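Visitor: give me the fold of what follows.
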Amino acid sequence: QYALLSNKGFSKNNMDLVFATLETSYEVDSLNLITLSGNVFTGKNNSHQSFVNEMSNRMQQRQYFYNRTAQSKSDMGGSNLGLDYQHSFRKPGEYLTLSYRLDYSPAGSVSDTWYDDVQNVPYPLLRQYIDNDAHTEEHTAQVDYVNPINEMHYIDFGAKYIYRKNASDVLYRQADTEGVMHDITDPNGKYDQLRNIVAGYADYQLKYKSFGAKAGVRYEYSYMNVDFDNNPERNYSASMHDVVPSVVTSYMISPMSTVKLSYNMRINRPGIQSLNPFADESDPTNITKGNPDLDTEKSHNIELSFSRFSQKFMINAGLNYSYSGNGIEQYSVADGG
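Guide: Just a heads-up that it's a prediction; the model follows:
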């Protein structure tokens, strides 16, 4: 009966953006430096959408039809504030750094969706209002030590602690058949995700004649706790251990030509938009929701590169291979045909 779903329409977006940056330093003496820095990139996006939705059978005969209109506002961007203290030793290039950083990213949105010219639609189309107050807050403390032992050997190591909070609080309203709006409590509409991350790293660098190599490893332990205020039986906690290696080798063929071979692994943790389990049903033919059970995404990268330069020209060529066995992706399923 149903074969072709057509969505046609237009959308209009207006964005107001604010960007500012600040950095100031105070040199206590020749060996001690304090730096304060901050960035603000924030804004709002106002959107208006109007779509015609039509379902047809295989003979392209209309089965049902409706218009959907939506107005929404959403937050974007993020802000950060950092404080660094650097102590330099008497040996050139040897120093110790203590750092703190605060990051805040709003992810809230408000949307109002309604329908008209409804014809033979087999499911109820009721006006919906969604106010999702969401944000990510992150605190990072870090210590780093660098020591160029001599012209051949170089080491650096450090440790980091991250406290991250993803929060979402959804106010959901829906109209009844008389058009009166009512508050509806969604069991997954309000939740807090707290994550504590402890990491340590060490790097070693070797330079010998025309050959260079750098090997490093980072270990991360992550503990996550998720609380659903309206659905406490869904509360859960989980821990993850990640070992992240990297290797870079280089050979200088001549003073103007270098070839490099490198490997590294990157990890990507899901953000609040991917984790939020609230089901947005404002478009009944395209329901979206997140998955709070997502794990860390790991990707492996190998690159071979060649560079050559002279006074008149420069050449850079590279071959890259990347693999991710369990990537965070968006997927779609068809429900009930």
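Visitor: tell me where this structure has helices.
Guide: Here the chain has its helices, by DSSP state H, at 272-275.
Visitor: point out where the protein drops to low pLDDT.
Guide: Filtered on pLDDT under 70, the chain yields the residue ranges 272, 336-337.
Visitor: name the residue most distant from the centre of it?
Guide: Met59 (43.5 Å; Cα atoms, centre = their mean).
Visitor: ok, which stretches of the stretch 201-337 of the chain are strands?
Guide: In the stretch 201-337 of the chain, the strands defined using DSSP state E, counting those that start in this stretch lie at 211-228, 236-254, 257-268, 297-309, 314-324.
Visitor: give the buried residues for stretch 295-308.
Guide: Of the residues in stretch 295-308, those buried by neighbour count under the rule 16 or more other Cβ atoms under 10 Å are 297-298. C-beta here means a position set from N, CA and C on the backbone, and glycine is covered the same way.
Visitor: list the contacts of Ser72.
Guide: By Cβ atoms under 8 Å, 6 or more residues apart in numbering, Ser72 lies in contact with 46-47, 49, 109-112.
Visitor: can you name the residues bridging to it?
Guide: On the basis of DSSP bridges, Ser72 is bridged to Ser47, Ser111.
Visitor: any idea how far it is from His153?
Guide: As for Ser72, its distance to His153 is 57 Å (criterion: Cβ to Cβ, to the nearest Å).
Visitor: now for Tyr64: which residues touch it?
Guide: 54-55, 119-122.
Visitor: ok, what's across the strand from it?
Guide: With DSSP bridges as the rule, Tyr64 is bridged to Met55.
Visitor: ok, now Arg195?
Guide: Arg164, Met224.
Visitor: that one reaches Tyr223, doesn't it?
Guide: Yes. Using Cβ atoms under 8 Å, Arg195 is in contact with Tyr223, at 7.1 Å.
Visitor: buried set for stretch 320-327?
Guide: Using 16+ other Cβ under 10 Å as the burial criterion, none of the residues of stretch 320-327 qualify.
Visitor: for Gly78, what are its contacts?
Guide: Each residue near Gly78 by Cβ under 8 Å, 6+ apart is listed here: 41-42, 103-106, 136.
Visitor: residue nearest the centroid of the protein?
Guide: Closest-to-mean residue, the chain, Cα atoms, centre = their mean: Gly271 / 5.0 Å.
Visitor: ok, Asp156 to Leu31 distance?
Guide: Taking Cβ to Cβ, one finds Asp156 at 18 Å from Leu31.
Visitor: who has more neighbours, these two?
Guide: Comparing Asp156 with Leu31 by other Cβ atoms under 10 Å, the one with more neighbours is Asp156, at 17 against 12.
Visitor: quick check: closest non-adjacent residue to that one.
Guide: Using Cβ to Cβ, 6 or more residues apart in numbering and skipping the chain neighbours, the partner closest in space to Asp156 is Val146 (4.3 Å).
Visitor: return the residues in contact with the one you found.
Guide: By Cβ under 8 Å, 6+ apart, the residues touching Val146 are 93-97, 155-156.
Visitor: which PyMOL command selects the buried ones in those?
Guide: The buried residues among those can be selected in PyMOL (16+ other Cβ under 10 Å) with this line:
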select buried, resi 95+97+156
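Visitor: ok, so of the contacts of Val146, who is nearest Phe228?
Guide: Taking Cβ to Cβ as the measure, Phe228 sits nearest to Thr97 out of the contacts of Val146, at 39.3 Å.
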